[in-house]
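> generate coordinates for the sequence data below:
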Amino acid sequence: MFQKRKAVPVIEAPASGSLAETLATVPDPRRPYGWRPGHEPIPLVALLQLTVVALLCGARSQLAVAQWGRERLDDDPGLLEALGVPPGRSPCVATLHRVYKHLDVAAFEAALGAWLNRIGLAPATATRSPGRDAVAIDGKVLRGSQPKRADEPGHVPGT
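From the prediction side, this is the model:
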């Protein structure tokens, strides 16, 4: 009567010191009951790696991350496979939303921060450096964060 929960696939043996190895410490919040044959869930490490790479390439929303993945599927599918995404697959916005919504953000930030420290790219302090933008992966955008055009009400000359 009830469906049995299935285990979510994981990436096998990531390289030592890699981003995948670090992100493997983030707990997977998904507990799927079933899926279509041949369309098992994309491993969490692959989704997180894809997110990090897309953000580094300029994606600033869930839609942009999903679009970045689809574009790589068309022009460089080997890159997605190198990130751990199954061949011929790319996450959709709904998948990213569900994962980000239940993700242990503290564990993700700690893992990513540890990796950045290890490779020498993180700031020396844990506080946010002036001039650095925060990126929201939960799909929220700060109200009024878009620059105003000169013809819009509220425009301040020189900004």
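> my read: His102 touches Pro29, true?
Yes: using Cβ atoms under 8 Å, His102 is in contact with Pro29, at 3.7 Å. Using the backbone N, CA and C atoms, a C-beta is placed for each residue, glycine as well.
> hmm, Leu96 is touching Leu47, no?
Yes: with contacts counted by Cβ under 8 Å, Leu96 reaches Leu47, the gap being 7.1 Å.
> number of residues surrounding the nearest residue to Ala15 once chain neighbours are set aside?
Leaving aside its sequence neighbours, Ala15 sits nearest to Glu21 (Cβ to Cβ, 6 or more residues apart in numbering; 6.6 Å). Residues contacting Glu21 under the criterion other Cβ atoms under 10 Å number 16.
> let me know the helix or strand that Glu21 is in.
helix 19-23 (DSSP states H and E).
> now swap in Gly88 and tell me
With DSSP H and E as the test, Gly88 turns up in no helix or strand.
> so who does it touch?
Leu73, Pro77 (Cβ atoms under 8 Å, 6 or more residues apart in numbering).
> quick one on the thing from earlier: what helices and strands are in contact with the following helix or strand past the helix holding Glu21?
Proceeding N to C from helix 19-23, the next assigned helix or strand is helix 44-56, under DSSP H and E. The helices and strands touching helix 44-56, judged by 3 or more Cβ pairs under 8 Å, 6 or more residues apart in numbering; DSSP states H and E, are helix 19-23, helix 62-75, helix 93-102.
> of all those helices, which lies closest to Pro87?
Nearest to Pro87 among those is helix 62-75 (9.8 Å), distances taken as Cβ to Cβ.
> tell me the angle of that closest one relative to helix 44-56?
100 degrees (axes from the mean of the first three to the mean of the last three Cα atoms, to 10 degrees).
> begin at 12, not 1, for the rest of this chat.
Done: numbering now begins at 12, and the last item shifts to helix 73-86.
> and helix 73-86 with helix 104-113, angle?
130 degrees.
> list the contacts of the following helix or strand past helix 73-86.
Toward the C-terminus, helix 73-86 is succeeded by helix 88-93 as the next helix or strand (DSSP H and E). With contact meaning Cβ under 8 Å, 6+ apart, helix 88-93 is reached by Leu61, Gly80, Arg83, Leu84, Pro98, Gly99, Arg100, Ser101.
> buried stuff in helix 88-93?
Leu91 (16 or more other Cβ atoms under 10 Å).
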